[in-house]
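Colleague: One predicted model, sequence on top.
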Protein chains: 2
Amino acid sequence: MANDKPVVNPASDGSQGKVVLRGNAVIAQSGGPTDVINASLVGAIKELVRSQEIKGIFGSRHGIKGILSEDFIDLRAESPRTLDRIAKTPSAALGSVRMKPTTEDCQHIFDVCQKHDVRYFFYIGGNDSAETAHIVAEAAANANFDMRVYHIPKTIDNDLCVTDHCPGYGSAARFVALALMGDQLDNRALPGVKIDVVMGRHAGFLTAASVLGQQRGDDGPHLVYVPERPFSLDKFAADVKRVHDELGRCLVAVSEGVEDEQGRPILESGERDSHGNLQLSGTGALGDFLVQTVKERVGKDLRVRADTFGYLQRCFPEVVSKVDFDEAMQVGREAARAATLDERPNGSVIIRRGGTAKTYLVSYGLTDLENVAQKTKKLPDEFINAEGNGVTEAFRDYATPLVGRLPRFGWFKNKPIA
Amino acid sequence: MANDKPVVNPASDGSQGKVVLRGNAVIAQSGGPTDVINASLVGAIKELVRSQEIKGIFGSRHGIKGILSEDFIDLRAESPRTLDRIAKTPSAALGSVRMKPTTEDCQHIFDVCQKHDVRYFFYIGGNDSAETAHIVAEAAANANFDMRVYHIPKTIDNDLCVTDHCPGYGSAARFVALALMGDQLDNRALPGVKIDVVMGRHAGFLTAASVLGQQRGDDGPHLVYVPERPFSLDKFAADVKRVHDELGRCLVAVSEGVEDEQGRPILESGERDSHGNLQLSGTGALGDFLVQTVKERVGKDLRVRADTFGYLQRCFPEVVSKVDFDEAMQVGREAARAATLDERPNGSVIIRRGGTAKTYLVSYGLTDLENVAQKTKKLPDEFINAEGNGVTEAFRDYATPLVGRLPRFGWFKNKPIA
């Protein structure tokens, strides 16, 4: 059993009073994987290996499940070359988990941490993971076990509080923007009504990103429905009819999480995970239902199709925003740096935006875990149009720098033959 | 009314006996758009503008619909810079159509061609489009109207006869390969059963491409079902159970076109287009049905999800195979070259494969329109494994050069902590 009191001594750089906490570090990944969650992992590892105080760097396999079962791998055994490759590999290289620890689980986590002299705990994930980190940190404090606990933000939904935006969002948003760029060209070539169902349980950031590739006035998506506004089938059908009457085609982006006036999902599959989240992805039912709605209410002979982007949005190789990748690596580094510099005993890494409308600049910081745990940020009102069926310039200004440069297409001038 | 007899005179290069057919050219695009169908269009235009005999180069909007309605644009009015950009723009820049001309339509097409002195007709599309070209060529011959008619191959399904492969396939196959590369990492991180429904009405080439990114022995997809083999729900459930028992997860790629022993689609939506094709894409119903099948027959508590890739596969920007792009441009050039050199009065451009297993080389040629019209190439037997649930090395050898270089991922060595 390791000593559970921290050692206080001068830091190696000669500064006084720094609390040096010697011991091992554990890092784990949780929730839905992304294109850049491994960049955060590698960013943290690269910073941790430089620390004199940290001995072992343990990778826990499949999140806290790996801690509970003591399934650790030695991350010091990996070469810089491997780490660089893993940083650029989508999904969670340590494996992931969707699991909310019980009080009993938390006690077990401390037992394992004490047994293995784990003093540094890094959990990469979304607001569920921040909650897990918060529970672990509180349980550690209650047990008087000195452990530094950091949440490293990750979510394609971009729904974490305090931070300006979340690593993972930029690349998933890039996928959605590119998908709609291709799809709206498809919809021009073979006109009809097309409905694209985009991920986003409670927050419409990803669905809103569908507009980011628009280049011409009549480029789709023509209608964008986010979960922050009640979704009415009557309004939807009327909107589609109006656009189709005007353009002879209509492209719709709709969040999988849209709900009616009473807050009920438009369609429920019934399955919930251990966090109580409803299963919305991995089924085409909402898209198919909306296709039927258009056929019944707008026109039965219309060509109406739906695609549900599903899991393709989160781990697609080579569709990665460079800004997102760099920031994902940096939030990992920041967590490790905060831990080893003893800036705070725990916290969640945040990204702050500086710069102007023309220059994109960020800085990094920490916020308390409880500010992020299980809270959900919504798309702000100023990002949604008055009609509730589109997004604003303010959203474009916010999201454009995050997805990276999008391709510019060519257009015929369409000079008619006399 | 233009003279409908060809002018025979010496070619400008001094060769004797070449039939110089002066007049205008029409080019059109048809069927489902692809990432590279505009490269074929631009390849043809770039060759046509060099011809002395060809006066106007007319772009028909939305395939033969544009001819019937005399909706032409002047392609000579476009700058090389615009053409280069359009070549790299997904979807069909002229617009597309799904329309099988009636005998009356064909007569109308000739009337319009005669009226506009159109002597060169280029139709970019799949086997339906080759059929249209064939009908038009026959009707022209019957009417003793000298018109050169060429089909320029395009289809993501890769199901055209005679040609080794079709432009459009390589890029769509690259999308599928990359999607599965990401999805199998996702499936490793959060294990469960995942079903990916891939386009391909009758031919399994695109579904088979799901394996092309595999790097390690247990990489998914673990099961691949193509329409060339009858699909049995019993066998499917047993296969999934076996893989899941062995690996704790299972990733499946299945063609949207799979049929049972009696040749009935596993699921029908009932809607057919004017070619009699069943609507298979733009609905998530097959995936959802297979999810239910796994839950009912393998385990109700399993985490089972499905994604239906749908239209994302065919026009996704930036997911383009360079080989595919270059070949798409070249088949356009070849058609125009054949027309202006009077090699054959009509035909469909084909790609022949030369080289060895290590070197990929192609040459181009022409085949009769009737060899391609409405015929469908299936995945050859030697590309499908004996069990009918996977593909062979021969398929990998065939398809690997077509999709371009795929990323290589990093892997932890997973050294356990003592």
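Modeller: Sure thing, it's come through. Bear in mind that the values here come from a model prediction, so they are computed numbers and not experimental data. Numbers count the residues shown, from 1 in each chain, chains lettered A, B, ... in the order given.
Colleague: I figured A:Arg297 was touching A:Ala237, is that so?
Modeller: Yes - using C-beta atoms under 8 Å, A:Arg297 is in contact with A:Ala237, at 3.8 Å. For glycine as for every other residue, the C-beta is placed from the backbone atoms N, C-alpha and C.
Colleague: Show the low-confidence segments of the stretch 251-400 of chain A, by residue range.
Modeller: Within the stretch 251-400 of chain A, the ranges that satisfy pLDDT under 70 run A:268-283, A:357.
Colleague: let's go with 90 and repeat that
Modeller: Across the stretch 251-400 of chain A, the stretches falling below the confidence threshold (pLDDT under 90) are A:263-285, A:288-289, A:340-345, A:354-359, A:374.
Colleague: Kindly report the same for the stretch 51-200 of chain A.
Modeller: Counting by pLDDT under 90, the stretch 51-200 of chain A contains low-confidence residues at A:98-111, A:114, A:128, A:132, A:135-136, A:138-146, A:200.
Colleague: Show me which residues of it are close to chain B?
Modeller: Residues of the stretch 51-200 of chain A found near chain B, taking C-beta under 8 Å from any C-beta of the partner chain as the criterion, are A:56, A:58-59, A:62, A:72-75, A:77-78, A:82-98, A:116, A:178-179, A:181-183, A:185-186, A:188-190, A:194.
Colleague: what are the ranges of the strands in the stretch 1-150 of chain A?
Modeller: Counting by DSSP state E, counting those that start in this stretch, residue ranges of the strands within the stretch 1-150 of chain A are A:7-8, A:19-20, A:23-29, A:54-60, A:72-74, A:118-125, A:148-153.
Colleague: centre of the chain versus the fifth one, how much separation?
Modeller: Looking back up the chat, that one is strand A:72-74. 26 Å (C-alpha atoms, centre = their mean, to the nearest Å).
Colleague: contacting residues around it?
Modeller: Contact with strand A:72-74 is made by A:26, A:56-61, A:66, A:94, A:116, B:412, B:414-417, as judged by C-beta atoms under 8 Å, 6 or more residues apart in numbering or on different chains.
Colleague: redo that, cut-off 10 Å
Modeller: The set of residues that contact strand A:72-74 without belonging to it, under C-beta atoms under 10 Å, 6 or more residues apart in numbering or on different chains, is A:24, A:26-28, A:56-61, A:66, A:93-94, A:112, A:116, A:118, B:412-418.
Colleague: The residue of the stretch 251-400 of chain A found nearest chain B: how many residues sit nearby?
Modeller: Proximity to chain B, evaluated over the stretch 251-400 of chain A using C-beta to the nearest C-beta, is greatest for A:Gly284 at 1.2 Å. Burial of A:Gly284 is recorded as 26 neighbouring residues (other C-beta atoms under 10 Å in any protein chain shown).
Colleague: Name the nearest residue to it, sequence neighbours excluded.
Modeller: Using C-beta to C-beta, 6 or more residues apart in numbering or on different chains and skipping residues adjacent in sequence, the residue nearest A:Gly284 is B:Gly284, 1.2 Å away.
Colleague: mind listing what that neighbour touches?
Modeller: If you count contacts by C-beta under 10 Å, 6+ apart, then B:Gly284 has A:197, A:282-288, A:291, A:306-308, A:310, B:197, B:291, B:306-308, B:310 around it.
Colleague: Apply 8 Å and report the result again.
Modeller: With contacts taken as C-beta under 8 Å, 6+ apart, B:Gly284 has the following neighbours: A:Thr283, A:Gly284, A:Ala285, A:Gly287, A:Asp288, A:Ala306, A:Thr308, B:Val197, B:Ala306, B:Thr308.
Colleague: So which of those residues are in strands?
Modeller: Secondary-structure check on the contacts of B:Gly284 using DSSP state E: residues within strands are A:Ala306, A:Thr308, B:Val197, B:Ala306, B:Thr308.
Colleague: residues contacting the closest residue to A:Ile37 other than its chain neighbours?
Modeller: Take A:Ile37 and drop its neighbours on the chain: the residue closest to it by C-beta to C-beta, 6+ apart is A:Lys154, 4.9 Å away. Contact partners of A:Lys154, counting by C-beta under 8 Å, 6+ apart, are A:29, A:31, A:34, A:36-37, A:40, A:124-126, A:129, A:166-168, A:328.
Colleague: so what's A:Met199 up against?
Modeller: Contacts of A:Met199 were listed using C-beta under 8 Å, 6+ apart, and they are A:Ile156, A:Asp157, A:Ala172, A:Leu206, A:Ser255, A:Glu256, A:Leu280, A:Ser281, A:Phe309, A:Gly310, A:Gln313, A:Arg314.
Colleague: wait, A:Arg76
Modeller: A:Arg76 is in contact with A:Val49, A:Gly56, A:Ile57, counting by C-beta under 8 Å, 6+ apart.
Colleague: that older thread, compare the contacts of A:Met199 and tell me which has the most neighbours.
Modeller: For those, neighbours tallied by other C-beta under 10 Å; top is A:Ala172, 35 neighbours.
Colleague: how close does that residue get to B:Asp260?
Modeller: Using C-beta to C-beta, to the nearest Å, we find A:Ala172 at a distance of 37 Å from B:Asp260.
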